[in-house]
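1. here's my sequence, what's the structure:
(chains A and B)
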Amino acid sequence: GIQVEQSPPDLILQEGANSTLRCNFSDSVNNLQWFHQNPWGQLINLFYIPSGTKQNGRLSATTVATERYSLLYISSSQTTDSGVYFCAVALITNAGKSTFGDGTTLTVKP
Amino acid sequence: GAVVSQHPSWVICKSGTSVKIECRSLDFQATTMFWYRQFPKQSLMLMATSNEGSKATYEQGVEKDKFLINHASLTLSTLTVTSAHPEDSSFYICSARDHREGRYNEQFFGPGTRLTVL
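-> Reported below is the predicted structural model:
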């Protein structure tokens, strides 16, 4: 099956700093999403981005499908950005099943 | 739009009992739903794919007789953990893909159910 690797595994930032999270995947996909899991466990949809670039406020994401990676950028980080960020990929022909990376745990200190 | 709910949010039960978890798509129909399990400080692991009107398909290593899945309608899937044991204690999360036109098959997750088996 598809392998998904996220880096770094842990990231500690001071409030206001910028960061880049990376997601590498081993095979062609036609569905890629970034999620933020909050301290209560809820996964919040950040981006659906199988290719190209999107921005939403302080967050943006870029996927280069031909090179099999995606990047999530967080600018001017806030303490509420803390949590685990997951990348999930899928090949929709495979019954839409997603494979998750191990996540990046972000801690933003005030 | 695209809201998925789960019930209950948490449950504590005695070893040997069965626990049912409900997953509902509130504002869209979901012919397929997915059940995941997450242990502390780990990623989400897909357990099974729930198909409306047909049998669920289970991932390798997941006991289908222990984790019973019923997808009786286009908005409801249930996961029953039968004869639960302490090692079944985990965070169970369901999801559904929004297949509506223009929604890109984006996956939405329920808030999860924390199961503790004593």
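2. strands of chain B, start to end?
-> Assigned by DSSP state E, the strands in chain B fall at B:4-7, B:10-13, B:19-25, B:32-38, B:44-51, B:57-58, B:67-73, B:76-81, B:90-98, B:106-109, B:113-117.
3. could I get these as TSV with mean pLDDT?
-> Output for these, formatted as TSV (pLDDT from 0 to 100):
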stretch	mean pLDDT
strand B:4-7	96
strand B:10-13	97
strand B:19-25	97
strand B:32-38	95
strand B:44-51	94
strand B:57-58	95
strand B:67-73	92
strand B:76-81	96
strand B:90-98	94
strand B:106-109	91
strand B:113-117	97
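4. would you list these in TSV and tack on distance to A:Gly16 and mean neighbour count?
-> Placement of C-beta: from N, CA and C, glycine included. Formatted as TSV, these follow (distance: least, CB to CB, whole Å; neighbours: other CB atoms under 10 Å in any protein chain shown):
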stretch	distance to A:Gly16	mean neighbour count
strand B:4-7	34	18
strand B:10-13	35	14
strand B:19-25	39	20
strand B:32-38	31	23
strand B:44-51	30	21
strand B:57-58	46	16
strand B:67-73	45	17
strand B:76-81	42	21
strand B:90-98	32	24
strand B:106-109	30	22
strand B:113-117	34	19
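5. relative to A:Phe86, which of those strands is closest?
-> strand B:44-51 (7.1 Å; CB to CB).
6. any residue of that closest one up close to chain A?
-> Yes. With CB under 8 Å from any CB of the partner chain as the criterion, chain A is reached by strand B:44-51 at B:44-46, B:49.
7. circling back: out of the strands of chain B, which is closest to A:Asn38?
-> strand B:106-109 (11.3 Å).
8. direction included, what does that closest one pair against?
-> According to DSSP bridges, strand B:106-109 forms sheet pairs with strand B:90-98 (antiparallel).
9. run the chain-centre distance for the strand it pairs with.
-> Strand B:90-98 has its C-alpha centroid displaced from the chain centroid by 5 Å (CA atoms, centre = their mean, to the nearest Å).
10. kindly report the same for stretch B:65-83.
-> Centre-to-centre, stretch B:65-83 and its host chain are 8 Å apart (CA atoms, centre = their mean).
11. list the buried residues for whichever strand or helix holds A:Ile12?
-> Assessed by DSSP states H and E, A:Ile12 sits inside strand A:10-14. Buried residues in strand A:10-14, counting neighbours by 16 or more other CB atoms under 10 Å in any protein chain shown, are found at A:11, A:13.
12. all good on my end, thank you.
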